[in-house]
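J.: Starting from these lines, generate the structure:
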Amino acid sequence: MVIPQLLVHTPVPFLIQIEDDPDWVPGEIQEIIEWENLDQNAEIAQKIAQCDARLAIQSTTPDQVISDGSSITVSTLGVAIDPCDPDISAVLIMLCRKLEGVIHDCVNGGVTVR
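T.: Okay, here's the model as predicted:
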């Protein structure tokens with residue numbers, strides 16, 4: 001299975017992993033609503049429920065990236081990236097607005113719509 005990833009070269013480099021498998025993404029989207037204890041009828045829960053893909057951010061360092069010319073393999077080994085970092089946050093906000101999506105910050109907690 002290949003999961004597309006984008007390497008973002010901000011001062012703190014990070015990966016954006018694109019997850020859109022219809023077999024499990026809808027269930028994972030529903031889990032976000034439950035983790036955040038959102039009312040199923042709330043506007044934010046309704047917006048999240050409409051999502052059919054998820055962009056996950058992951059940490060990376062140069063020695064964890066293996067590029068063979070056609071793919072990039074990354075081992076993050078549980079290292080968390082902070083979505084509140086100003087450089088990372090700017091990229092996430094831009095993507096959220098462009099995709100009309102929702103940001104779920106599982107590091108600091110909370111869901112926001114930009």
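J.: does residue 101 really touch residue 95, like I thought?
T.: Yes - with contact defined as Cβ atoms under 8 Å, residue 101 reaches residue 95; the gap is 7.2 Å. Where you see a C-beta, it was placed from the backbone N, CA and C, and this is true even at glycine.
J.: Give the residues shared as contacts by those two.
T.: residue 55 (Cβ atoms under 8 Å, 6 or more residues apart in numbering).
J.: which residues does the residue nearest the centre of the chain contact?
T.: Centrality entry for the chain: nearest residue to the mean C-alpha point is residue 56, 2.3 Å, by Cα atoms, centre = their mean. Contact analysis of residue 56 by Cβ under 8 Å, 6+ apart lists 16-17, 19.
J.: Tell me, how many residues neighbour residue 20?
T.: Per other Cβ atoms under 10 Å, the neighbour tally for residue 20 reads 12.
J.: Check residue 17 too.
T.: 15.
J.: How about residue 37?
T.: 6.
J.: Would you quantify the distance from it to residue 86?
T.: 28 Å (Cβ to Cβ, to the nearest Å).
J.: can you pull out the helices in this protein?
T.: For the chain, the helices defined by DSSP state H occupy 25-35, 43-49, 86-99.
J.: what's the closest of these to residue 8?
T.: Closest to residue 8 of these is helix 86-99 (Cβ to Cβ; 5.9 Å).
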